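> A predicted structure for the sequence below; I have some questions about it.
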Amino acid sequence: MTFDSRRLYYFVTVVDSGSLGRAAQVLHVAQPALSRQMKLLEEEVGVTLLERTSRGMGLTAAGRVYYQSARKLLDDGDSAALRAARVGRGDLGELRLGFSEAYAWHPAVLKALRDYHQQSPGVTFTLEAMLSGIVTQRVRDGQLDLAIAHVPATSVDDSLTTVPWLVDEYRLAVHEDSPWVSSVPQRMADLGDADFVMFSRERSPPLFDRLIHHLHQLNFMPNIVQEGTTLYTVLGLVAAGLGSAVVPGSAVYHLPPGVRLLVVPDLALRVPVSLVWRSDNHSPLIARFNSLLCACPPLDASA
């Protein structure tokens, strides 16, 4: 059996008002027309739902049962409409975020998360921190909604939408006991064949290749003796005194104890970082988070 939601609403209003006359006033409907709608409803249900009493309109036994169900249907409909509206505004749902690890602790990211939660506590976040290549692929695969990552132009196609967020200037990460802390190298080539730490190429081939190519242009051939799987495992190896590394300047927001970041004048490596999502993912959660994040940081992290 189908039901007319308007007629159902009329019926509940008649019951709540206690009479056809008062209900007609509330509904801004002529009383004869409202009475006709109630008769049609009873014909659809097949039983008498309303009866006249000395105090107005009352419910029959069948009417009481029908009223409870009708009220629940209307309440559920209102609840569904409210939930849909909240989802449409980005006030409800789950946002799956992936970060190139240097940005998981970036103040602008933390502020955007905090502001979003304060404005819309019905939104939950799933966070993953890993290298750019992996988080970008997880966005492509639909396992993440949004990533903050380095995405080279050669990796972008119609399946992805990217928006520039900041430009990160890379630094030399060394152990605090390194002599370079008190005498900063002026050129990367000054490091000679000193032990060097890198992340494994398979984790983010475009970023790895860009770093190695840039270092070679500076006449520096890194003596890679240790590899990490993530930025923070690389920094952990530096903290253990096993070598130096080139890392994003934004890593300064969450350095392991004992690690220092140095500005080597000729390093001058500036890497763009973008917000990345699938072009067919039109979630309002993405738009809300992007607007909050882009309202916070400078476009250039080295500024």
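The structure has been received and is ready for your questions.
> and Ala149, what is it in contact with?
Contact analysis of Ala149 by Cβ atoms under 8 Å, 6 or more residues apart in numbering lists 98-100, 132-133, 135-136, 273-274, 276. No exception for glycine: its C-beta is placed from N, CA and C like everyone else's.
> got a markdown table for those, with distance to Gly122, pLDDT and neighbour count too?
Supplementary listing: the contacts of Ala149 in a markdown table, determined by distance: Cβ to Cβ, whole Å; pLDDT from 0 to 100; neighbours: other Cβ atoms under 10 Å:
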| residue | distance to Gly122 | pLDDT | neighbour count |
| --- | --- | --- | --- |
| Gly98 | 22 | 94 | 26 |
| Phe99 | 23 | 90 | 23 |
| Ser100 | 28 | 82 | 30 |
| Ser132 | 30 | 87 | 30 |
| Gly133 | 33 | 86 | 23 |
| Val135 | 25 | 90 | 27 |
| Thr136 | 28 | 90 | 26 |
| Val273 | 29 | 93 | 24 |
| Ser274 | 28 | 93 | 21 |
| Val276 | 25 | 95 | 25 |
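> all strands for this protein, in order.
For the chain, the strands defined by DSSP state E occupy 50-53, 56-59, 93-100, 123-130, 146-149, 160-175, 195-199, 223-228, 245-248, 259-262, 270-278.
> Which of those strands has the lowest mean pLDDT?
Note on the strands of the chain: lowest mean pLDDT is at strand 56-59, with a mean of 82.
> Send me that one as CSV with only the CA atoms.
The C-alpha atoms that make up strand 56-59 are tabulated as CSV, following Å, rounded to 0.1, in the frame of the first residue of the first chain:
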residue,chain,number,x,y,z
GLY,A,56,-13.9,17.3,19.4
MET,A,57,-12.2,14.5,17.4
GLY,A,58,-11.0,11.4,19.1
LEU,A,59,-9.2,8.2,17.9
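> That strand pairs with which strands?
Here strand 56-59 is paired, per DSSP bridges, with strand 50-53 (antiparallel).
> Can you point out the buried residues in the partner strand?
Leu50 (16 or more other Cβ atoms under 10 Å).
> How about stretch 152-168?
Here stretch 152-168 shows 152, 155, 160-162, 165-168 as buried, counting by 16+ other Cβ under 10 Å.
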